[in-house]
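In: Kindly generate the corresponding structure for this input.
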Amino acid sequence: MCLLYNNYMFQADRSLTKKLGSVLLFISITHVLLIFVSSFDLL
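Out: Got it, this is the predicted structure:
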């Protein structure tokens, strides 16, 4: 019972980490794009 609960919590934590990772990836990509656009505007 406890092992099953721990496994479920591990799965939930892993999916949460995956969601957080995708969000961070999206933020970093948009950040790089913003920097690129601003440098392009300066040119």
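
In: And the spatially most central residue of the chain, how far from Q11?
Out: The residue at the geometric middle of the chain, judged as the C-alpha nearest the mean C-alpha position with Cα atoms, centre = their mean, is G21 (2.3 Å). As defined by Cβ to Cβ, to the nearest Å, G21 lies at a distance of 16 Å from Q11. Any C-beta I mention is one placed from the backbone N, CA and C, and that applies to glycine too.

In: Just give the number of residues close to V37.
Out: Using other Cβ atoms under 10 Å, the number of residues around V37 comes to 10.

In: Check the average confidence over the helix or strand where G21 lies, would you?
Out: Under the criterion DSSP states H and E, the helix or strand holding G21 is helix 2-42. Along helix 2-42, the predicted confidence averages to a pLDDT of 84.

In: Report the distance from that helix to the chain centre.
Out: If you compare the mean C-alpha spot of helix 2-42 with that of the full chain, they lie 0 Å apart, counting by Cα atoms, centre = their mean, to the nearest Å.

In: Could you list every helix and strand that that helix packs against?
Out: Contact analysis of helix 2-42 by 3 or more Cβ pairs under 8 Å, 6 or more residues apart in numbering; DSSP states H and E lists no helix or strand as a packing neighbour.

In: residues of stretch 22-41 that come out buried?
Out: Along stretch 22-41, no position meets the burial threshold by neighbour count (16 or more other Cβ atoms under 10 Å).

In: Begin at 165, not 1, for the rest of this chat.
Out: From this message on, residue numbering opens at 165, which makes the last subject stretch 186-205.

In: which residues are contacting that stretch?
Out: Around stretch 186-205, nothing counts as a contact under Cβ atoms under 8 Å, 6 or more residues apart in numbering.

In: Only C-alpha atoms, please: export that stretch in CSV.
Out: Taking Å, rounded to 0.1, in the frame of the first residue of the first chain, the C-alpha atoms of stretch 186-205 are listed here in CSV:
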residue,chain,number,x,y,z
SER,A,186,8.7,22.3,-21.0
VAL,A,187,7.6,25.6,-19.5
LEU,A,188,11.2,26.6,-18.8
LEU,A,189,12.2,25.6,-22.3
PHE,A,190,9.4,27.7,-23.7
ILE,A,191,10.5,30.7,-21.6
SER,A,192,14.1,30.3,-22.6
ILE,A,193,13.2,30.1,-26.3
THR,A,194,11.0,33.2,-26.1
HIS,A,195,13.8,35.0,-24.2
VAL,A,196,16.4,34.2,-26.9
LEU,A,197,13.9,35.3,-29.6
LEU,A,198,13.3,38.6,-27.8
ILE,A,199,17.1,39.2,-27.5
PHE,A,200,17.5,38.3,-31.2
VAL,A,201,14.6,40.7,-32.2
SER,A,202,15.9,43.5,-30.1
SER,A,203,19.5,43.1,-31.5
PHE,A,204,18.0,43.0,-35.0
ASP,A,205,16.1,46.2,-34.3
